[in-house]
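**Student:** I'd like to go over a predicted model; first the sequence, then the structure.
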Amino acid sequence: MQTPKKIAIVGSGLVGTLLGIYLKKRGHQVDVFDRSPDIRKINFSGRSINLVMSNRGWKTLKDIGLEDEIKKIGIPVDKRCIHMVDSSLIYQNYGKDGECIYSLSRGVLNKRMIDLAEGVGVNFKFEQKVWDVNLKTATIQIGEDERGEWIAHDYDMCFGSDGAFSRIRHRMQRQSMFNYSQEFLEIGYKELHIPANKDGTHKLDKHSLHIWPRGRFMLMALANLDGSFTCTLFMPHDGENSFESLTNKEQLITFFGLHFPDTQPVIPDLVEDFFKNPTSYLVTMKCFPWTYSDKVALIGDACHAIVPFYGHGMNAGFEDITVLNEMIDKYGDDWANLLNEYENSRKPNTDAIAELSYRNFMEMSTKTADANFLLQKKIEKWFSDKHPDKWMPLYSRVTFSLQPYSEALAIGDFQNKIMEEVMQMENIAEKWNSQEVEQKIIQLLNSK
């Protein structure tokens, strides 16, 4: 046990709530502040992308004894289901037998996590707007308005887990030598909905991530426990085939009929959802440092917001907690060194998953329907099955292992260079699983 501290966490999302459980179990007093109402008392819909939990997230939950509890509200997903324009389907398994990610409703998961945190004694303070923090004293300032009267609340430490537009980071940005960047994608997203059948069953295969890849835009769907699917339409904000170009019911129905014809029977409320739900933005945010002395630290999206195309925003945030917990084991009460090693350990890996996530949009929206890409993935899986000691596909490294993201990215780039040469072999489509191809890959692995 560490010497107990009075700790404030700003942000009651998934990372902040799980961090609260970890710190409370370490013996600290933990207060979690959030400017929004209690999510358990409001209708949570309209701007969500379903979450996928993979090995990194499960490890963080398992280490605190919550893995089994959270698996009860998830659905295992072991493959992609690619919906072609002609309504044909192509299935792509994610990993080896038994390897899967879990589809989780963000709202359902967040509510359950808050219940579990309250159960161990974490104190939540909703509808409390934190506008500022004193970096030297960890005193937070709360008030109704940014220019109104604030009330000071004293703490020994403060963690900012308040998302990509964090107020705690905003204060840290006003220091010298603080590096910060944000980059918005030209692509935005909008939530749509596939309801359950009348008997409560799913209209599509619930164990698949459904993707309708159409180049610059795509539709995606993940299952919920109640038989429904949360769908997400990703499109450019403006230009041809964009949110800006779809301004009325007729244009929308024509667009979906042309590009997503097999969705007509399963999205009955398309028009209502499209024009009711907001168009949201996608941003990559990087910064450094993440900590100030032994008083203030950032965690999760507050220090490394990424786009959602690898499904690792939550997993990377949970892995922050795993690393922080390892540093607590190592350093005990030496919070200054603990936090310093935490940020230096995580920064290269969160930069790597940001890059991987950005690249994966191109893979999901374009390459998943490309014959050469599908052949390359088939060769990689075949070779990996024969030589698991020599080759693990990049997706498996990121999703089904705990290998640092930065290592996974570097090895993935190395493997892709090899596959570029393999794909140039004459008649590769006919001899893809031959001894010649096998020996070529082994030769390239050895030579490079």
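**Tutor:** Yes, it's here.
**Student:** Secondary structure of Asp238: a helix, I assume?
**Tutor:** No. Assessed with DSSP: H, G, I helix; E, B strand; the rest coil, Asp238 is coil; it does not lie in a helix.
**Student:** what sits against the most centrally placed residue in the chain?
**Tutor:** The centre of the chain sits closest to Gly313, judged by CA atoms, centre = their mean, with a distance of 2.5 Å. Contact analysis of Gly313 by CB atoms under 8 Å, 6 or more residues apart in numbering lists 51, 301, 305-306, 357. Backbone N, C-alpha and C define where each C-beta goes, glycine included.
**Student:** If we use 7 Å, what do you get?
**Tutor:** Residues near Gly313 by CB atoms under 7 Å, 6 or more residues apart in numbering: 301, 306.
**Student:** before we move on, what about Gln92?
**Tutor:** 79-80, 82, 377.
**Student:** one more time with 6 Å
**Tutor:** When contacts are counted by CB atoms under 6 Å, 6 or more residues apart in numbering, Gln92 is found next to 79-80.
**Student:** and what of Ala408?
**Tutor:** Contacts for Ala408 (CB under 6 Å, 6+ apart) come out as 397-398.
**Student:** Could you measure from Gly188 over to Tyr358?
**Tutor:** 15 Å (CB to CB, to the nearest Å).
**Student:** neighbour-wise, which of the two wins?
**Tutor:** The neighbour comparison of Gly188 against Tyr358 (other CB atoms under 10 Å) goes to Gly188, with 20 against 17.
**Student:** Pretty sure the more buried one sits against Pro236.
**Tutor:** No. Contact criterion CB atoms under 6 Å: Gly188 and Pro236 do not qualify, at 7.5 Å.
**Student:** what about Gln173, neighbour count?
**Tutor:** Counted with other CB under 10 Å, the neighbours of Gln173 add up to 12.
**Student:** For Glu191, see how far away it is.
**Tutor:** The gap separating Gln173 from Glu191 is 31 Å, by CB to CB.
**Student:** Equivalent analysis for Glu272, please.
**Tutor:** For Glu272, the distance to Glu191 - CB to CB - is 12 Å.
**Student:** Just the element for Ala429, please.
**Tutor:** Under DSSP states H and E, no helix or strand contains Ala429.
**Student:** Now it: closest residue in space, sequence neighbours ignored.
**Tutor:** Leu375 (6.1 Å; CB to CB, 6 or more residues apart in numbering).
**Student:** Give me the pLDDT for Gly27.
**Tutor:** In this model, Gly27 is scored at 97, pLDDT.
**Student:** can I assume it is in contact with Lys5?
**Tutor:** No. Assessed by CB under 6 Å, Gly27 is found out of contact with Lys5, at 8.8 Å.
**Student:** For these two, indicate the residue with more neighbours.
**Tutor:** Applying other CB under 10 Å to Gly27 and Lys5 shows that Lys5 carries more neighbours, namely 18 against 11.
**Student:** And the more buried one, how far from Val30?
**Tutor:** 9 Å.
**Student:** again, but for Pro265
**Tutor:** From Pro265 to Val30 the distance is 48 Å (CB to CB).
**Student:** Of these two, which one has the most company?
**Tutor:** Val30 (27 against 9).
**Student:** Check the gap between that one and Lys347 for me.
**Tutor:** 25 Å.
**Student:** now do His387
**Tutor:** Applying CB to CB, the value for His387 to Lys347 is 33 Å.
**Student:** The two: which is more packed in?
**Tutor:** Shown here are His387 and Lys347; by other CB under 10 Å, Lys347 has more neighbours (18 against 14).
**Student:** Might you report the residue contacts of that one?
**Tutor:** By CB under 6 Å, 6+ apart, the contact list for Lys347 reads Phe288.
**Student:** List the buried residues in the helix or strand hosting it.
**Tutor:** Using DSSP H and E, Lys347 falls within helix 335-365. Across helix 335-365, burial judged by 16 or more other CB atoms under 10 Å covers 335, 338-343, 346-347, 349-361, 363-365.
**Student:** quick one: contacts of whichever helix or strand comes after it?
**Tutor:** Helices and strands here follow DSSP H and E; after helix 335-365, the next one along the chain is helix 371-386. Counting contacts by CB under 6 Å, 6+ apart, the residues outside helix 371-386 that touch it are 367, 391, 393, 419, 423, 432-433, 441.
**Student:** which of the residues you listed are buried?
**Tutor:** Buried among these by 16+ other CB under 10 Å: 391, 393, 419, 432, 441.
**Student:** Could you list every helix and strand that the lengthiest strand in the chain packs against?
**Tutor:** As assigned by DSSP state E, the longest strand anywhere in the chain is strand 179-194. When contacts are defined as 3 or more CB pairs under 6 Å, 6 or more residues apart in numbering; DSSP states H and E, strand 179-194 packs onto strand 229-236, strand 280-288.
**Student:** what's the closest of the ones you listed to Lys203?
**Tutor:** The closest of the helices and strands packed on strand 179-194 to Lys203 is strand 229-236. By CB to CB, the value is 7.3 Å.
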